[in-house]
Every structure is written in C-alpha cells, then in structure tokens.
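> sharing a model that was predicted from the sequence below.
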Amino acid sequence: MNNRDIQRLYTAGGYYNGDIDGDLGPKSMAAADALLANRYDELQAGHTSWEPRRRAVAAAQLILKYAGHPVGVIDGLSGPDTEFALTQWIHVQTHGTLPEAWRDEEEEDEDELPLSYWPRQIQSELIQFYGEAGGPQCTAGKVELPFTMKIAWDLGQKINRFSCHEKVADSAERAYRKIASSYSAQDISRLGFDLFGGCYNYRVMRGGSSLSTHAYGIAIDTDPIRNQLKWGSDRAMLATPECEEYWRIWESEGWISLGRLRNYDWMHVQAARL
C-alpha cells in the first residue's frame, strides 16, 4: 500500500479532499487521525504511540474494512490481507464489481483425497474437531519458537512465540524445533523460514468465500512476499529443492502444504486432524 493508495482511500471515505500526491503531510494525517478517533475501540492498545505512517495505514485499513473488504486486525501494518483487500477495492473502483473468484471451491473434488489431506476442510468437519472458528480455543495454544522470527511486513518487529489453536500448538512447536535442527541459522534466514506471515486471523479465504483455516488458528503463513498467493513452483521460494526437508518436517507432524498439493499459496501450511 503506497501513500497515493492511502490518500485515495481517505478521499473515497470522505475524509480528504487534497491532492493525490503521495505526500502524507498535515492534511493527510488530519484525515487519518479523524478516522482513528471515530473507531478508537477497534484499534490495538498503544496505537496512540504509532509513528505517522502506521497510523495512516491503520486508517486506510478501516476504510477498506467498512467498504466490505476484510483486512484482519487493524494494526497499521500492510500485510497480505491488507494488500489483497486493497486489490479488491481498486477493482471495484475501476470496474464496479469484485473480480471473479480465481479459485472455485465447489469445483474441487475433495473426495479424491482422504480427509487428512484435504487442502480446505469443509466447515462442518473443522467445527466438529476444532470447535467454532473464532472461539477462545483458537488462540489458547502457544508455540515457543527455537529461533526468533520477524513479522514479514514489519521486519523490525520480532517474536519468540505466537498463539494458535490449543490442539495444534505442540505439533507446530515440534516442527519448528526439527527445522532448527535440520537447517543452519543462516539457511533459516536465507530461505525465509523466520519470516512470520500470521497464524490466527478470523477471515474468509482470499479468493474464496468460506472461512479460512486461519479463522480456527490452525494455519501458519511464512514469507508471504516471496511466496505470494497465486505464485506457482516456478516463482515461490518455498518451492525450491532446498525447502524439501522443511515440508517433510511439517508433513511428518500431520500438516499439509497447499503449495505441494495445489501449486499455489506456498506460504501456507495447515493442520489436518492431528
């Protein structure tokens, strides 16, 4: 999301009538602060200390959200959900309609795969095993990491643990420990295994209509910039031969890769019924 995109969103929301010049000056920031003040209760604690651009992005996220394009948490960080929402919004502004879905969930013959390998488990099966999406169990699990990870869209922010569904935390932690034992610290960094793209996020699938497995806290994204949603094995970093052991480790723990099954969304790994 660049500064002009932010100003266009402010203009569409009726908060800004200045030039679309990419300069987040006093007029743009006044629009951002007015937006944030109106939705104070939707912001994370500590948002008043955010630097100007992060406040500006958070305000733009609010406009996208209320235009019907979910962005996940209003955090002022322009991650994959925000960028996808922006793409959808721009298409509506340009063409008057949402883009056609690029993957049709109804066309895929899930019956050709055993349940443990379904890339998108049906909602009834997920609820039966994991409980309702968005419930407290979806973030009750804590994964203690054997190496520090960086937030993929805010590299200055580092984590040593993250929340997930209580049923998958132990398995995910074992997988990360095996990765740390199988790869050097240099290779972990070079291949992007330490770039955290998110776990729990109550949202629908990007490019689909059903709830994402992220809404259950049973999916993890890694290095989303170099493994973008529609990229196949010809472009995705996690599809390179050096990452074969990485995927073998996840699969040994009962997790599945959409990249290896469907050749898209190589950033994504999700738990089956463990």
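Here it is on my side, so go on.

> just read off the phi/psi values of Val143.
phi -100, psi 110 (degrees, to the nearest 10).

> so it makes contact with Ala169?
Yes: here Val143 lies in contact with Ala169, judged by CB atoms under 8 Å, at a distance of 5.4 Å. (Each C-beta comes from the backbone N, C-alpha and C, glycine too.)

> can you list the weak-confidence ranges in the stretch 101-250 of the chain?
101-123, 205-210 (pLDDT under 70).

> ranges for the strands of this structure?
Secondary structure of the chain (DSSP state E): strands at 141-151, 154-164, 195-198, 219-222, 255-257, 268-271.

> if we can go back for a sec, which of Val143 and Ala169 has more neighbours?
Val143 (22 against 19; other CB atoms under 10 Å).

> tell me the contacts of the more buried one?
Val143 makes contact with Arg161, Phe162, Ser163, Cys164, Ala169, Ala172, Glu173, Tyr176 under the criterion CB atoms under 8 Å, 6 or more residues apart in numbering.

> which two from these end up farthest apart in space?
Ser163 and Tyr176 (14.2 Å; CB to CB).

> so which of the two has more stuff around it?
A count of neighbours by other CB under 10 Å puts Tyr176 above the other of Ser163 and Tyr176, at 22 against 15.

> from Gln44, how far out is that one?
Distance, Tyr176 to Gln44, using CB to CB, to the nearest Å: 25 Å.

> can you check Ile220 too?
21 Å.

> more neighbours: those two, which one.
With neighbours defined as other CB under 10 Å, Ile220 and Gln44 compare such that Ile220 has more, 26 against 11.

> the more buried one pairs with what?
Beta-bridge partners recorded for Ile220 (DSSP bridges): Val269.

> show me the contacts for Leu195.
Met149, Lys150, Ala152, Thr222, Asp223, Pro224, Ile225 are the contacts of Leu195 under CB under 8 Å, 6+ apart.

> export the residues you listed as JSON lines, with columns for neighbour count.
Shown next, in JSON lines, are the contacts of Leu195 (neighbours: other CB atoms under 10 Å):
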{"residue": "Met149", "neighbour count": "21"}
{"residue": "Lys150", "neighbour count": "17"}
{"residue": "Ala152", "neighbour count": "24"}
{"residue": "Thr222", "neighbour count": "24"}
{"residue": "Asp223", "neighbour count": "21"}
{"residue": "Pro224", "neighbour count": "23"}
{"residue": "Ile225", "neighbour count": "15"}
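
> max pairwise distance over the residues you listed: which two?
Met149 and Ile225 (14.3 Å).

> how many residues are close by the spatially closest residue to Asp23 that is not a sequence neighbour?
With sequence-adjacent residues excluded and distances taken as CB to CB, 6 or more residues apart in numbering, Asp23 is closest to Asn3, at 6.9 Å. Residues lying near Asn3 (other CB under 10 Å) number 18.

> any idea how far Asn3 lies from Ala32?
11 Å.

> show me where the protein has helices.
When assigned using DSSP state H, the helices of the chain occupy the ranges 3-12, 26-38, 52-66, 80-95, 123-130, 169-182, 185-190, 244-252, 258-262.

> send me stretch 136-152 as PDB with only the CA atoms.
The C-alpha trace of stretch 136-152 is given here as PDB (Å, rounded to 0.1, in the frame of the first residue of the first chain):
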ATOM      1  CA  PRO A 136     -11.100 -19.000  22.700                       C
ATOM      2  CA  GLN A 137      -9.500 -22.300  21.900                       C
ATOM      3  CA  CYS A 138      -8.300 -20.900  18.600                       C
ATOM      4  CA  THR A 139      -5.700 -18.800  20.400                       C
ATOM      5  CA  ALA A 140      -5.200 -20.800  23.600                       C
ATOM      6  CA  GLY A 141      -2.200 -22.700  22.200                       C
ATOM      7  CA  LYS A 142       1.200 -21.100  22.500                       C
ATOM      8  CA  VAL A 143       4.100 -22.000  20.200                       C
ATOM      9  CA  GLU A 144       7.500 -21.300  21.800                       C
ATOM     10  CA  LEU A 145      10.000 -20.800  18.900                       C
ATOM     11  CA  PRO A 146      13.500 -22.200  18.900                       C
ATOM     12  CA  PHE A 147      14.600 -19.200  16.700                       C
ATOM     13  CA  THR A 148      13.500 -15.600  16.600                       C
ATOM     14  CA  MET A 149      11.000 -14.800  13.800                       C
ATOM     15  CA  LYS A 150      10.400 -11.400  12.200                       C
ATOM     16  CA  ILE A 151       7.000 -10.100  11.200                       C
ATOM     17  CA  ALA A 152       7.100 -10.400   7.400                       C
END
